[in-house]
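1. I would like to see how this sequence folds:
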Amino acid sequence: MQSGPVRLNITLPENLVQELERAAGPRKKSLFIAQAVRERLERLEKQVLEKELERGYRASRKQSLDLATEFEASDLEGWDAY
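-> All right, here's what the predicted structure looks like:
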């Protein structure tokens, strides 16, 4: 769902504003900031998903080990001939 622009009033350190003006160029600060915020939000979302995956893997670790142990003998059948 795309919506129109919203004006914000933000405060940044002066040196950061100077760097922003150099990097973004004239009249492109809003676009630059929007892209930077989007990238940061995507990184944060990825970190949350990675933590959820890690929790899931840890939760199923014992079950996976039990299953592997249960079928270990049948997995090794026939390998003596090699």
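
2. May I have the predicted confidence score for E45?
-> Note on E45: pLDDT of 98.

3. Quick check: it vs A73, distance?
-> 44 Å (C-beta to C-beta, to the nearest Å). No exception for glycine: its C-beta is placed from N, CA and C like everyone else's.

4. likewise A36?
-> Computed as C-beta to C-beta, the A36 to A73 distance reads 56 Å.

5. Look at the two and report which has more neighbours.
-> A count of neighbours by other C-beta atoms under 10 Å puts A36 above the other of A36 and A73, at 13 against 8.

6. That one and V48, how far apart?
-> Going from A36 to V48 by C-beta to C-beta gives 19 Å.

7. and if you look at R58?
-> 16 Å.

8. same question, L12
-> In terms of C-beta to C-beta, L12 sits 26 Å off from V48.

9. Check which helices and strands the helix or strand containing E52 sits against.
-> Using DSSP states H and E, E52 sits in helix 29-70. Counting contacts by 3 or more C-beta pairs under 8 Å, 6 or more residues apart in numbering; DSSP states H and E, helix 29-70 is packed against helix 14-24.

10. Residues contacting the helix it packs on, please?
-> Helix 14-24 is contacted from outside by 12, 29, 31-33, using C-beta atoms under 8 Å, 6 or more residues apart in numbering.

11. for this structure, where's the lowest mean pLDDT among helices and strands?
-> In the chain, the helix or strand scored least confidently by mean pLDDT, DSSP states H and E is helix 72-76, which has a mean of 75.

12. what about this protein, any weak spots by pLDDT?
-> Scanning the chain for pLDDT under 70 picks out the ranges 1, 80-82.
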